[in-house]
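K.L.:
I would like to see how this sequence folds:
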Amino acid sequence: MIVVCNYEEVTALSHGARSFLGNEDGTGVAVAAPPSYRIAVEALLPRLSGDFSLNTLAEQEEVEKALRLIVSHLRETMDSHVLATHAAAEEAVSAYFDYAHALTVLDRVEAVGSEMSALVELLTGQSASEEMRESFQFPD
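P.N.:
Numbers count the residues shown, from 1 in each chain. Purely as a prediction, here's the structure:
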């Protein structure tokens, strides 16, 4: 299943992922996060060049996990910029748009996950087991 992303969304997610990992110029330190969180975001970063495919439900869940972490980080960044300056400050507005674009992609990936789960259940007559999450392939 293909998740379509426009340039602004890809840019916001890339910025958010690099900031989360501490790889963004001008940021102090990376987010103190468990290794599994960092691994999820690191795995998503190379895919952030445009539209991307989700071939299994397990893959969709990993991408959704990484997006949730990035969106949460961008929300905290936006909040801190608004509180440090004011709502109309350039940094606050830019942070809002990064957050909003990332949130939009997260919503899209959640919807794809719901569709994938429903298709597995429809085609197999049961909820997706752990094995099915890994092996049931969805074509683009």
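
K.L.:
list the buried residues in the lengthiest helix in the chain.
P.N.:
Counting residues, the longest helix found in the chain (DSSP state H) is helix 90-124. Neighbour counts using 16 or more other CB atoms under 10 Å place 92, 95-96, 98-99, 101-106, 109, 112-113, 116-117, 120 of helix 90-124 among the buried residues. Just so you know, the C-beta spots here come from the backbone N, C-alpha and C atoms, and that holds for glycine as well.

K.L.:
Met1 contacts Ser114, doesn't it?
P.N.:
No. Applying CB atoms under 8 Å as the test, Met1 and Ser114 come out as separate, 11.2 Å apart.

K.L.:
farthest residue from the center of this protein?
P.N.:
The C-alpha centroid of the chain is most remote from Gly125, which lies 29.7 Å away (CA atoms, centre = their mean).

K.L.:
for that residue, give its distance to Glu134.
P.N.:
Noted for Gly125: a distance of 19 Å to Glu134, by CB to CB, to the nearest Å.
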